[in-house]
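A.B. asks: Task: produce atomic coordinates for the following.
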Amino acid sequence: MDPQPAFYFDLASPECYLSAERIMAVLPLAAEWIPIRGSALPSPGDPAEQQQLVEELSDERSLQAPRWPSPFPFESEQAMLAATYAKQIGRTVPFVLAAFRQAYAGGRALDSDDNIVIAGSACEMHPAALLKGCELRIVRDGLDAATALALERGVRDVPAVWVPGTIGGYQLFHGDDQLEAAAAALSEQAAAQ
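C.D. replies: Just a heads-up that it's a prediction; the model follows:
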């Protein structure tokens with residue numbers, strides 16, 4: 001079985017928030033949502049540049065203006081462990097969307113267990129189970145492995161969409177502005193099969 005496309009993200013990235021809000025509508029087939037440590041990548045995005053980009057794109061797309069959490073940027077390790085736990089129990093997308101909305105629509109930094117639990121509650125994850133899940137070695141190992149695989153695949157910043165190709169090849173698209181290019185690549189592959 002061929003691997004499916006992958007959407008790599010870090011909850012600390014507001015540009016990932018923009019991509020998460022539209023990726024399911026843009027890509028012609030589902031991508032696996034994979035939480036990784038953006039800080040471990042070779043070209044982590046500049047928070048000030050991402051903030052400006054998100055403000056401009058929100059205005060262009062007639063979206064709600066972002067509410068910036070304090071502090072911004074925030075430390076996302078605990079939130080990324082929570083996202084990894086959510087992935088392991090099959091709740092990735094609802095948890096991640098709720099967490100992004102807490103951070104960039106609600107203005108609540110995800111460096112607080114309280115804000116992480118609120119995001120979990122929005123998708124029916126028990127608060128105690130979520131926090132306990134963040135402490136599990138299998139969750140930490142899962143985040144480490146996902147980050148290592150992303151680096152192996154050439155991911156240099158988030159958001160990124162990895163599109164598998166034929167005979168071990170692949171294409172990689174970095175940034176919210178590349179979602180349409182990733183969609184086109186996936187459509188071309190489907191047409192060729």
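A.B. asks: what are the ranges of the helices in this protein?
C.D. replies: Assigned by DSSP state H, the chain shows helices spanning 14-26, 47-60, 77-88, 92-104, 113-121, 127-135, 137-152, 179-192.
A.B. asks: what residue ranges in this structure are flagged as low confidence?
C.D. replies: By pLDDT under 70, the weakly predicted segments of the chain are 1-2, 166-168, 193.
A.B. asks: rerun that using 50 as the cut-off
C.D. replies: Along the chain, the parts satisfying pLDDT under 50 run over 1.
A.B. asks: still on that earlier bit, and of the helices of the chain, who's closest to Val158?
C.D. replies: helix 14-26 (5.3 Å; Cβ to Cβ). Backbone N, C-alpha and C define where each C-beta goes, glycine included.
A.B. asks: Which other helices and strands does the closest one contact?
C.D. replies: Packing contacts for helix 14-26, counted by 3 or more Cβ pairs under 8 Å, 6 or more residues apart in numbering; DSSP states H and E, involve strand 6-9, helix 47-60, helix 92-104, helix 179-192.
A.B. asks: Most tightly packed of those?
C.D. replies: Burial of the helices and strands packed on helix 14-26 is given as mean neighbour count (mean count of other Cβ atoms under 10 Å); strand 6-9 ranks first at a mean of 26.
A.B. asks: picking that back up, got the helices of the chain as a markdown table, with distance to Pro5 columns?
C.D. replies: A markdown table is the format used below for the helices of the chain (distance: least, Cβ to Cβ, whole Å):
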| stretch | distance to Pro5 |
| --- | --- |
| helix 14-26 | 10 |
| helix 47-60 | 22 |
| helix 77-88 | 16 |
| helix 92-104 | 14 |
| helix 113-121 | 24 |
| helix 127-135 | 26 |
| helix 137-152 | 13 |
| helix 179-192 | 6 |
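A.B. asks: which one of those helices lies closest to Ile36?
C.D. replies: Smallest distance to Ile36 across these (Cβ to Cβ): 4.4 Å, for helix 137-152.
A.B. asks: Pull out the buried positions in that closest one.
C.D. replies: 139-140, 142-143, 146-147, 150 (16 or more other Cβ atoms under 10 Å).
A.B. asks: what's that helix in contact with?
C.D. replies: Outside helix 137-152, the residues that touch it by Cβ atoms under 8 Å, 6 or more residues apart in numbering are 8, 34-37, 40-42, 80-81, 84-85, 87-88, 133, 160, 162.
A.B. asks: from the middle of its chain, how far away would it be?
C.D. replies: 14 Å (Cα atoms, centre = their mean, to the nearest Å).
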